[in-house]
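Enquirer: Structure, please.
(one chain, ligands or ions: 2)
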Amino acid sequence: MSGAPVAGTDIRAGAGNAGDPIFEARNVSLGFGGVKALSEVSFSVRKGELFSIIGPNGAGKTSMLNCVSGRYRPTSGKVFFQGRDITGMTPNHRAALGIGRTFQNLALFGHMSVLDNIMVGRHHLLKNNFLTGALYWFGGARREELAHRREVEEIIDFLEIQHVRKAMAGTLSYGLRKRVELARAIALKPDLILLDEPMAGMNLEEKEDMARYIVDLNEEWGMTVVMIEHDMGVVMDISHRVMVLEFGRKIAEGSPEAVLADPRVRTAYLGESDEPEPETAAAAREVA
Ligand SMILES: Nc1ncnc2c1ncn2[C@@H]1O[C@H](COP(=O)(O)OP(=O)(O)O)[C@@H](O)[C@H]1O
Ligand SMILES: [Mg+2]
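Expert: Ligands and ions are numbered 1, 2, ... in the order given. As a prediction, this is how the structure comes out:
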């Protein structure tokens, strides 16, 4: 297998620095009844960046992504995309502006083929959508449909799912379904893609493949990526910058190295005491 993305952090760090902000959250708070899922979270993501959000379960990561995609509307605060206030916009409107996403829990149509699942993802990109039926044979819509199919095939090639393109999505392995879901999300050609735990439940090989696709999407397709992921190895390896949430608050943000070295992060997220002593840890492992 091709290895994990070996992109060194030095190389990665450069790529994310140039762009203007593509997304910005300003003092976003979100409450569910008594539960405060997010408290005054502010951050911005630059064009071309691969930005990761980490934190313990229940920290508010998915809630934050939902505030970006429009599934949730912040109780207070604002979100901006390409400099535009999108706080009041529906998910569809945001998707049309160029925000794509995958879901933490798979949302494929199990009884439909892989190809059809991806076509569904692209469907509302068709400009002639509304009139497709009527105008199909009068040129425009048909040409568009052909171009559309070519792009879908390109995505299928990119994610190496040619061999299952006719298979029903519901019959695929977990790793392949996650890949199809990514295919469907990128079929919308978003400028910003939101990935909620794209490697959850995958084995090592599947994770390495997925990490490579994400890096390629970012570097070769030029998509800005905001990713939630639990696998710290992957996060640290491929992210330009990382934001850490805990109990709905931002507790750190910066380069992977800076975030890893932050004592608050070590305590809160990694569950370490203030001064981890390598010898002690090693000794403890030996005893265990
Ligand atoms: N739709 C919802 N209704 C009620 N509470 C929710 C809802 N979504 C999330 N929460 C709560 O908000 C907090 C943050 O959840 P979530 O954003 O899913 O965390 P994470 O993705 O970091 O694990 C949790 O306490 C969770 O129970
Ligand atoms: Mg989550």
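Enquirer: what residues does the stretch 1-150 of the chain put near ligand 1?
Expert: Of all the residues in the stretch 1-150 of the chain, those in contact range of ligand 1 (C-beta under 6 Å from any ligand atom) are 32, 35, 37, 55, 57, 58, 59, 60, 61, 62, 63. The C-beta positions use only the backbone N, C-alpha and C, and glycine is treated the same way.
Enquirer: Report the two of the residues you listed separated the most.
Expert: Pairwise distances across these (C-beta to C-beta) peak at 17.3 Å, for the pair 32 and 55.
Enquirer: Other residues contacting stretch 27-38?
Expert: 39-42, 60, 63-64, 67, 72, 74-79, 245, 248 (C-beta atoms under 8 Å, 6 or more residues apart in numbering).
Enquirer: If we use 10 Å, what do you get?
Expert: Residues from elsewhere that reach stretch 27-38 (C-beta atoms under 10 Å, 6 or more residues apart in numbering): 25, 39-43, 58-64, 66-68, 72-79, 87, 245, 247-250.
Enquirer: cool, and stretch 160-169?
Expert: 106, 108-118, 152-153, 155-157, 171-173, 176-177, 179-184, 209, 213.
Enquirer: taking those one by one, which sit in helices?
Expert: 114-118, 152-153, 155-157, 176-177, 179-184, 209, 213 (DSSP state H).
Enquirer: quick one: residue 81 from ligand 2, how far?
Expert: Counting by C-beta to the ion, to the nearest Å, the separation of residue 81 from ligand 2 is 21 Å.
Enquirer: Just to check, that residue is in contact with residue 22?
Expert: Yes: counting by C-beta atoms under 10 Å, residue 22 is a contact partner of residue 81 at 7.0 Å.
Enquirer: surely residue 62 meets residue 72?
Expert: Yes: here residue 62 reaches residue 72: they are 9.3 Å apart, a contact under C-beta under 10 Å.
Enquirer: Give me the more crowded residue out of residue 32 and residue 55.
Expert: Between residue 32 and residue 55, counting by other C-beta atoms under 10 Å, residue 55 is the more crowded of the two (24 against 10).
Enquirer: before we move on, the earlier item: would CSV of the residues of the stretch 1-150 of the chain next to ligand 1 with pLDDT be doable?
Expert: Shown next, in CSV, are these (pLDDT from 0 to 100):
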residue, pLDDT
32, 94
35, 93
37, 98
55, 94
57, 92
58, 94
59, 95
60, 97
61, 97
62, 95
63, 97
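Enquirer: that older thread, cross-check the ones in helices among the contacts of stretch 160-169 against ligand 2 and keep the overlap.
Expert: With the criterion set as C-beta under 5 Å from the ion, no member of these is near ligand 2.
Enquirer: what about whichever residue of the chain sits closest to ligand 2, how many residues close to it?
Expert: Using C-beta to the ion, residue 62 is the residue of the chain that sits closest to ligand 2, at 3.2 Å. Using other C-beta under 10 Å, residue 62 has 19 neighbouring residues.
Enquirer: Can you name the helix or strand that it falls in?
Expert: Per DSSP states H and E, residue 62 falls inside helix 61-69.
Enquirer: And for residue 166?
Expert: Residue 166 belongs to no helix or strand, assigned by DSSP H and E.
Enquirer: any idea of the pLDDT on it?
Expert: pLDDT, residue 166: 94.
Enquirer: I'd like to know the phi and psi angles of it, please.
Expert: Note on residue 166: its backbone torsions stand at phi -90, psi -10 [degrees, to the nearest 10].
Enquirer: One more: residue 77?
Expert: According to degrees, to the nearest 10, residue 77 has phi 100, psi 170.
Enquirer: wait, isn't it in contact with residue 26?
Expert: Yes: Residue 77 is within contact range of residue 26, at 5.6 Å (criterion: C-beta under 10 Å).
Enquirer: Which neighbours do these two have in common?
Expert: Common neighbours of residue 77 and residue 26 (C-beta under 10 Å, 6+ apart) are 40, 41, 42, 87.
Enquirer: Scan the residues you listed and report the most crowded one.
Expert: Compared across the shared contacts of residue 77 and residue 26, residue 41 has the highest neighbour count, 24 neighbours, by other C-beta under 10 Å.
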